[in-house]
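Chemist: Give me the fold of what follows.
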Amino acid sequence: MQYTAVYESCLGRILLAGDHVGLTGLWFEGQKYYARGLEPDHEEKELPMFREARQWLDIYFTGREPEFMPVLHMTGTPFQQLVWKLLLKIPYGTVTTYGRLAGETAKIMGRDHMSAQAVGGAVGHNPISVIIPCHRVVGSHGSLTGYAGGLEKKVDLLTCEGANMEKLFVPVRRTAL
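Modeler: Got it, this is the predicted structure:
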């Protein structure tokens, strides 16, 4: 059985989801893949894991790094779970690139190479955003691409962490004439 609760953040409403093991989802309302994997017959219920997640988020949104981690239950393919575990190792207030993450993934898997696009797909399908910090991954030249919650939220999250935004940029979309 899955359970849900809501958290009102300074960046908008967040849906929390969990099961008997731990937190399985954290999505900004309206984001891409919103509530993906949530069972249709889930139940809204206040549970200790949600109080813990709210406490973590309260600390985080005041611009401080929480010194604890809520219990997570990452549900995905083995490849996705590997990438998500690597995301948890990205230090607070810093960024890495999809390419570097692909290199780390390849090394762990005993491969010479791993596609940055494959890693990007796993990063983009991270169901526990913010806590598993997929917003800390950027393009090779500092491009702020690929955040399911939207680029504006990615900028807000990195700013909240005090990340150096000097070399980061939102890509300009070009249209055909």
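
Chemist: is it true that Val95 touches Val138?
Modeler: Yes: contact criterion C-beta atoms under 8 Å: Val95 and Val138 qualify, at 5.0 Å. The way it works is simple: take the backbone N, C-alpha and C, and place the C-beta from them, glycine included.

Chemist: shared neighbours of the two, anything?
Modeler: Residues touching both Val95 and Val138 (C-beta atoms under 8 Å, 6 or more residues apart in numbering): Leu168.

Chemist: what stretches of the chain score poorly on pLDDT?
Modeler: Within the chain, the ranges that satisfy pLDDT under 70 run 174-177.

Chemist: Got the domain ranges for it?
Modeler: The chain breaks down by automatic domain parsing into domains covering 3-60, 78-160.

Chemist: OK, contacts around the residue positioned nearest the centre of the chain?
Modeler: For the chain, Ser129 is the residue whose C-alpha lies nearest the centre (C-alpha atoms, centre = their mean; 2.8 Å). Contacts of Ser129 were listed using C-beta under 8 Å, 6+ apart, and they are Leu26, Trp27, Phe28, Gln31, His135, Ala148, Gly149.

Chemist: quick one: which of the residues you listed is most hemmed in?
Modeler: In terms of neighbours by other C-beta atoms under 10 Å, the contacts of Ser129 top out with His135 at 28 neighbours.

Chemist: Please give the number of neighbouring residues around Pro40.
Modeler: 5.

Chemist: Would you tell me what helix or strand it is located in?
Modeler: Here Pro40 sits in a region with no helix or strand, counting by DSSP states H and E.
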